[in-house]
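# with the input below, show me the fold.
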Amino acid sequence: MGMLTFPIASKPEFGLPMKVEEGIFLLKMPIPYALDHINLWLLRDGEGWTIIDSGFYSEEATLLWNKVLVDFCHNEPIQKIIITHFHPDHVGMAQWLAHKTNAPVHMSQIEFLTTQMACQEYSKQKKARRREYFERFGLAQEDIQQLQDKVGGYVTGVPEAPTSYQRLVDGQSLLINGEQWHLLQFNGHSPGHICLHNKQRDLLVSGDQILPNISPNVSVNFYESDADPLADYLSSLGTLATLGADTVVLPSHGRIFKGIKERATMLKEGHRKSLDQILAFCQQARSGLEVLHMLYGKRLSLFNLSLATGEAMAHLNYLIGTGEVTRSGDLVYQYKTN
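This is a model prediction of the structure:
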């Protein structure tokens, strides 16, 4: 198998757009996670600019964006704000930018509606359903309470959801600066993630759907606890692997790279390894938490515990879907290999 290659050696600095190709610039912005950055994209679009993804809302980000809009974009019109998906490091500044520039926000319908839902305060019933989900997974009451206390954290990075949008759909083409960008919509990492492929230049803005160094989180959420996002994600990797060997991938995290087929294969193999580990581990009945500890260890931050719970559930639900694992029990679910 071939290795990934990284065609651009220079490293961007926060808030300083870096040229990738003619009319295409990478804008690195800070986010408050261990993964400390997001790559946003500025595309020349006629007499103005199109922005792809907006960043996590913060005072620092507003200062950096103000500087970019004045010093780099020279107050030229922003034609479009394209959001790949609803996660806060992507949509967090969208409404701020839309208000400041009077530019329309473009998203898939499900990502727009999910953003609206995520910004709402949790009702008592929704909190109770979330608690039940964690209890059935097997989490300790102390951890559950801490996770419940963190409810509403999404709005830290997304203080206001976009108030309107223009819908993006799978298979659609957007004209940006006289070039066609073909839209690919995927499930798995989020419910309607948009990637943009410029066939003429063989460039793919991949969002979080495929990344060079880390595996995108694929999670089950409490409001759709029997979902099978891993099947959807693996299917998306099959589609992305059909792009050419020379396709240049512009990811939301990490370096610009070539080798999308090889990277898709790596990610598939990583998930297959986790699935095989679960099948071996669940020869005896196990709780979801026991599976999580086997896969990811016991020393996790609260944030990573939340992500790992969703990811472990995604792998278990996939195996239930293939008929390789059975779930039983009422209070705490038990999972056993068939």
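
# please count neighbours and contacts with C-alpha atoms only from this point.
Will do.

# quick one: the strands in the stretch 1-150 of the chain?
Per DSSP state E, counting those that start in this stretch, the stretch 1-150 of the chain has strands spanning 18-21, 24-30, 37-45, 48-52, 78-82, 105-108. These are given in chain order.

# would JSON lines of those strands with mean neighbour count be doable?
Conversion of those to JSON lines gives the following (neighbours: other Cα atoms under 10 Å):
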{"stretch": "strand 18-21", "mean neighbour count": "15"}
{"stretch": "strand 24-30", "mean neighbour count": "22"}
{"stretch": "strand 37-45", "mean neighbour count": "23"}
{"stretch": "strand 48-52", "mean neighbour count": "22"}
{"stretch": "strand 78-82", "mean neighbour count": "24"}
{"stretch": "strand 105-108", "mean neighbour count": "24"}
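
# need the ones you listed in a markdown table with distance to residue 304 and mean pLDDT, can you?
Rendered in a markdown table, the data for the strands of the stretch 1-150 of the chain read as follows (distance: least, Cα to Cα, whole Å; pLDDT from 0 to 100):
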| stretch | distance to residue 304 | mean pLDDT |
| --- | --- | --- |
| strand 18-21 | 31 | 97 |
| strand 24-30 | 19 | 98 |
| strand 37-45 | 17 | 98 |
| strand 48-52 | 27 | 98 |
| strand 78-82 | 28 | 98 |
| strand 105-108 | 27 | 98 |
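
# nearest to residue 317, out of the ones you listed?
For the strands of the stretch 1-150 of the chain, the distance to residue 317 is smallest for strand 105-108, at 25.6 Å, taking Cα to Cα.

# show me where the stretch 1-150 of the chain has helices.
With DSSP state H, counting those that start in this stretch applied, the stretch 1-150 of the chain shows helices at 59-67, 88-91, 94-101, 109-118, 124-137, 141-149, listed in chain order.

# just these: most buried one?
The highest mean neighbour count among the helices of the stretch 1-150 of the chain, using mean count of other Cα atoms under 10 Å, belongs to helix 88-91: a mean of 27.

# by contact count, what packs against that helix?
With contacts taken as 3 or more Cα pairs under 8 Å, 6 or more residues apart in numbering; DSSP states H and E, helix 88-91 sits against helix 154-157.

# let's see that with 10 Å instead.
Helices and strands touching helix 88-91, as assessed by 3 or more Cα pairs under 10 Å, 6 or more residues apart in numbering; DSSP states H and E, comprise strand 37-45, strand 78-82, helix 109-118, helix 154-157.

# pull the longest helix from the protein.
Assignment by DSSP state H gives helix 260-281 as the longest helix of the chain.
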